[in-house]
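Undergrad: here is the input, now give the coordinates:
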Amino acid sequence: MKRISIIAILLLAAILLPGCTSLSPTEQDLTVVGKVGDYEVYYDELRYFVMNYKTQVLDSKYGDISGDPEKIAEYEAELMEYVGAAITRNYAVMLLCDGFSVDYEAETILEQVDLYVDETIEEAGGKKEYKKQLDSLFLTDRFYRIYLQMNYAERELKYVFADDFGFIPGTDDEIKEYMNSDDFICTRHICVLKDDSAPAAVKAKIEMIYDELEGGALFEDLIGMYSEDYQDTGNGYYFTYGEMDKNYEEAAFELDEYEYSEIIETSYGYYIIMKCEKDEEYMDDHFADLKNQIQYALTYNKVSEQQEKLTFTLNDYGLSLDLYGMK
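TA: As a prediction, the model looks like this:
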């Protein structure tokens with residue numbers, strides 16, 4: 001089961017001239033396309049989100065609709081709904097940093113960004129290969145650096161929220177208390193991943209598994225026989241609110257220990273979830289990792305709360321763009 005956090009998946013964009021190894025943004029990259037509050041949003045940001053959602057979701061969902069204006073309008077509406085939600089993330093971090101005196105342009109943060117990018121360039125085999133990687137992700141070097149900058153800034157917010165304001169548990173005792181509360185749970189699940197080429201077969205498989213479970217088969221046995229979650233180590237997933245797919249999470253927190261859910265559909269696949277008893281020895285052995293996970297997740301939720309208050313508004317230039325035809 002993929003975690004949200006941790007979103008995270010990069011969703012950014014760029015126009016890079018073929019055969020050119022310059023990492024500098026183009027004039028179009030730096031064209032303002034709209035605003036989030038008082039913050040200006042640039043073309044390379046918009047293109048990143050647009051192109052990733054187009055290529056990863058919409059193109060396969062809609063297929064060839066080039067001759068259908070109504071379908072294109074539907075496509076663009078769904079695209080903008082996603083982009084409008086996704087593009088506000090960095091600005092939510094910026095606003096919280098401004099509100100809690102975290103300097104996201106501090107020298108220490110910018111140095112970390114430079115170091116990370118330098119290491120990435122070296123691992124890629126030089127700027128030319130690095131640029132190819134950016135191209136493949138629809139990224140500019142400029143916006144990639146901003147993405148990293150906001151990630152480091154969000155880490156600083158985590159310490160401020162925990163240590164300075166007490167918004168999230170900070171001490172080891174506070175973390176242990178949180179881990180033993182109902183806000184932190186452990187689950188295992190049977191997963192059947194989606195397959196766009198055979199959706200009926202996927203649905204039939206998860207229904208067959210559920211029937212076997214209802215017929216008395218052991219949950220653990222069915223995991224071993226059928227589950228397609230290859231990240232499952234057998235220890236279960238320990239998490240709090242905001243870490244899992246929303247549908248998965250809502251179902252999991254409603255369960256009693258050793259109770260299993262109905263079939264839950266997520267963007268990844270179908271799940272039957274069992275809430276497990278938390279293993280004290282496991283939590284002790286993995287305390288440092290779980291502490292960081294909890295604090296990051298709760299910080300992520302604070303950022304998400306701020307993000308929900310923000311809207312992305314296109315300017316005249318942004319409204320003139322052909323998002324369906326964007327390359």
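Undergrad: next, the buried residues of the least confident helix or strand in the chain by mean pLDDT.
TA: The weakest-scoring helix or strand in the chain, judged by mean pLDDT, DSSP states H and E, is helix 59-62 (a mean of 90). For helix 59-62, the neighbour count (16 or more other CB atoms under 10 Å) marks residue 62 as buried. To be clear about C-beta, it is placed using only N, CA and C from the backbone, and glycine gets the same treatment.
Undergrad: contacts for it next, please.
TA: The contact list for helix 59-62 (CB atoms under 8 Å, 6 or more residues apart in numbering) reads 71, 74-75, 196.
Undergrad: please apply the same query to stretch 245-254.
TA: Outside stretch 245-254, the residues within contact range by CB under 8 Å, 6+ apart are 1-2, 4, 182, 185, 187, 189, 239, 241-244, 261-262, 264-268, 271, 273, 275.
Undergrad: only whichever of those residues are buried, select them in PyMOL.
TA: With 16+ other CB under 10 Å as the criterion, this PyMOL line picks the buried residues out of the contacts of stretch 245-254:
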select buried, resi 1+4+185+187+189+239+241+242+243+244+261+264+266+268+271+273+275
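Undergrad: take the contacts of stretch 245-254 and keep only those in strands.
TA: Here DSSP state E is the test, and these give 185, 187, 189, 239, 264-265, 271, 273, 275 as lying in strands.
Undergrad: in TSV: those, plus distance to residue 256 and pLDDT.
TA: Below are the ones in strands among the contacts of stretch 245-254 laid out as TSV (distance: CB to CB, whole Å; pLDDT from 0 to 100):
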residue	distance to residue 256	pLDDT
185	11	98
187	12	98
189	16	97
239	17	97
264	16	98
265	22	97
271	17	98
273	12	98
275	7	98
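Undergrad: nearest to residue 220, of these?
TA: Closest to residue 220 out of the ones in strands among the contacts of stretch 245-254 is residue 189 (11.5 Å), distances taken as CB to CB.
Undergrad: surely the closest one touches residue 227?
TA: Yes: between residue 189 and residue 227 there is a contact under CB atoms under 8 Å: 7.1 Å.
Undergrad: list the helices and strands the top helix by length along the chain packs on?
TA: Determined from DSSP state H, the single longest helix within the chain is helix 287-307. Judged by 3 or more CB pairs under 8 Å, 6 or more residues apart in numbering; DSSP states H and E, helix 287-307 is in contact with helix 89-99, helix 141-159, helix 172-179, strand 237-239.
Undergrad: count the neighbours of the closest residue to residue 276 other than its chain neighbours for me.
TA: The shortest distance from residue 276 to any non-neighbouring residue, by CB to CB, 6 or more residues apart in numbering, is to residue 186 (4.5 Å). Counted by other CB atoms under 10 Å, the residues lying close to residue 186 total 19.
Undergrad: do residue 165 as well
TA: Neighbour count of residue 165, defined by other CB under 10 Å: 10.
Undergrad: I figured it hits residue 102, correct?
TA: No: look at residue 165 against residue 102 with CB under 8 Å: they stay out of range, at 11.5 Å.
Undergrad: hang on, the earlier thing: which residues outside the longest helix of the chain are in contact with it?
TA: Residues outside helix 287-307 that contact it (CB under 8 Å, 6+ apart): 4-6, 85, 88-89, 91-93, 95-96, 154-155, 157-158, 161-162, 167-170, 172, 175-176, 178-179, 184, 238-243, 283.
Undergrad: mind listing the strands the helix or strand following it pairs with, and their directions?
TA: Next along the chain after helix 287-307, taking DSSP states H and E as the criterion, comes strand 312-314. Strand 312-314 has the following sheet partners, assigned by DSSP bridges: strand 32-36 (antiparallel).
Undergrad: relative orientation of the strand it pairs with and helix 89-99 in degrees?
TA: For strand 32-36 against helix 89-99, the angle by axes from the mean of the first three to the mean of the last three CA atoms, to 10 degrees is 50 degrees.
Undergrad: mean confidence score for strand 32-36?
TA: Regarding strand 32-36, the rounded mean pLDDT is 97.
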